[in-house]
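[1] no sequence on this one, just coordinates:
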């Protein structure tokens, strides 16, 4: 039997969250955190609604997943996020010791890779999953804003 | 009349918060955010209690101050924090566009300066205020842990 639980499968869930953010007028970034093929956190950017720069999808997902697990380390978890994490989110992911980060679109300006933010040495990074879909949603958002 | 509202004055408030964290068994870091000489946020590290790596004193202070202000930017605010911010907290401070960051003890291992985390270009940084007191509290904590 084919494994349905691919990176694309879970990135689609993150993309659904990003679409909810889009509808709310938020920069459309969505995230899910998965453990043993089970989604344990499902979040989207809420910085405008909450007037809070810390309310990125990833930050909420980390808090939510840790709450589910009952511990602060996300060692066996994978984060799926539609946009490359920023310095803040990568810094939080560093502390969480998360196993794997999968992101969709790159952020050439403020992404952690360009900024040089350090992840935990055990964290694996995969990029470009559903890159076009994730990026197109961002482009549509900023086109609407102009 | 002498100005009582010095950096030391507000760092003492942050240190009081760090002492509360110490008593709770948390890594003793405290923070306050000030606008027009008024403390609008007062927080301490709660990562153990909340099982949440994002619950650093600075992160809570940013959220709390933004809530007080009713907007996400902290342009006219100063953060006083007993320990040099990490990548995550510096990344959050970048987004907040905070005016000034004053910290006590340096973090030679995981502080944002060594890690190269970028702050907003308008953010001023002052270090070493009540450095010994802030650092001594950290040392006392880790000595207890051994």
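    All right, it came through fine. Note that the structure is a prediction, hence the values are computed from the model and not measured.

[2] any chance you could map the strands in chain A?
    A:30-35, A:38-44, A:78-83, A:100-105, A:124-127 (DSSP state E).

[3] got a pLDDT number for residue A:146?
    Residue A:146 is assigned a predicted lDDT (pLDDT) of 68.

[4] Now do residue A:64 against residue A:102, distance only.
    Distance, residue A:64 to residue A:102, using Cβ to Cβ, to the nearest Å: 17 Å. Backbone N, C-alpha and C define where each C-beta goes, glycine included.

[5] what does residue A:138 give?
    17 Å.

[6] more crowded one of these two?
    Neighbours of residue A:138 and residue A:102, each counted by other Cβ atoms under 10 Å in any protein chain shown, are more numerous for residue A:102; the result is 22 against 19.

[7] pretty sure the more buried one is touching residue A:7, no?
    Yes - Residue A:102 is within contact range of residue A:7, at 5.2 Å (criterion: Cβ atoms under 8 Å).

[8] what is in contact with those two at once?
    A:80, A:126, A:129 (Cβ atoms under 8 Å, 6 or more residues apart in numbering or on different chains).

[9] Of those residues, which is the most crowded?
    residue A:80 leads those on contacts (other Cβ under 10 Å) with 29 neighbours.

[10] chain center to the lowest-mean-pLDDT helix or strand in chain A: distance?
    Lowest mean confidence among the helices and strands of chain A (mean pLDDT, DSSP states H and E): helix A:131-145, at a mean of 94. Chain-centre distance of helix A:131-145: 16 Å, with Cα atoms, centre = their mean, to the nearest Å.

[11] Identify the residues contacting the closest residue to residue A:90 other than its chain neighbours.
    Counting by Cβ to Cβ, 6 or more residues apart in numbering or on different chains, residue A:90 lies nearest to residue A:112, which is 3.5 Å off, once chain neighbours are set aside. The contact partners of residue A:112, by Cβ under 8 Å, 6+ apart, come to A:84-87, A:89-90, A:119.

[12] List the ones among those residues that fall in helices.
    Counted as lying in helices by DSSP state H, out of those, are A:87, A:89-90.

[13] Please indicate which of those residues are buried?
    Neighbour counting with 16 or more other Cβ atoms under 10 Å in any protein chain shown marks A:87, A:89-90 as buried within those.

[14] who touches the least confident helix or strand of chain A?
    Counting by Cβ under 8 Å, 6+ apart, residues outside helix A:131-145 touching it are A:11, A:15, A:18-19, A:22, A:27-29, A:82-83, A:103-106.

[15] Which among the residues you listed count as buried?
    Those of the contacts of helix A:131-145 that meet the buried threshold are A:11, A:15, A:18, A:22, A:27-29, A:82-83, A:103-106, by 16+ other Cβ under 10 Å.

[16] Of the shared contacts of residue A:102 and residue A:7, which is the nearest to chain B?
    For these, the minimum distance to chain B (Cβ to the nearest Cβ) is 18.2 Å, reached by residue A:80.

[17] how near is the closest one to residue B:52?
    Counting by Cβ to Cβ, the gap from residue A:80 to residue B:52 is 20 Å.

[18] what's the answer for residue A:96, then?
    Going from residue A:96 to residue B:52 by Cβ to Cβ gives 9 Å.

[19] Overlap in contacts, the two.
    With Cβ under 8 Å, 6+ apart as the test, residue A:96 and residue B:52 both reach A:62, A:66, A:72.

[20] how near is residue A:73 to chain B?
    Applying Cβ to the nearest Cβ, to the nearest Å, the value for residue A:73 to chain B is 8 Å.

[21] List the contacts of that residue.
    The contact partners of residue A:73, by Cβ under 8 Å, 6+ apart, come to A:66, A:96-97, B:53.

[22] Most neighbours out of those residues, which is it?
    Busiest of the contacts of residue A:73 [other Cβ under 10 Å] is residue A:96, holding 28 neighbours.

[23] out of everything not next to it in sequence, what's closest to it?
    Spatial nearest neighbour of residue A:96, excluding adjacent residues (Cβ to Cβ, 6+ apart): residue A:74 at 4.4 Å.

[24] wouldn't that neighbour be in contact with residue A:98 here?
    Yes - if you go by Cβ under 8 Å, residue A:74 and residue A:98 touch, sitting 4.4 Å apart.

[25] so what sits against both of these two?
    Listed as contacting both residue A:74 and residue A:98 by Cβ under 8 Å, 6+ apart are residue A:62.

[26] Sketch out the low-pLDDT regions of chain A for me.
    A:146 (pLDDT under 70).
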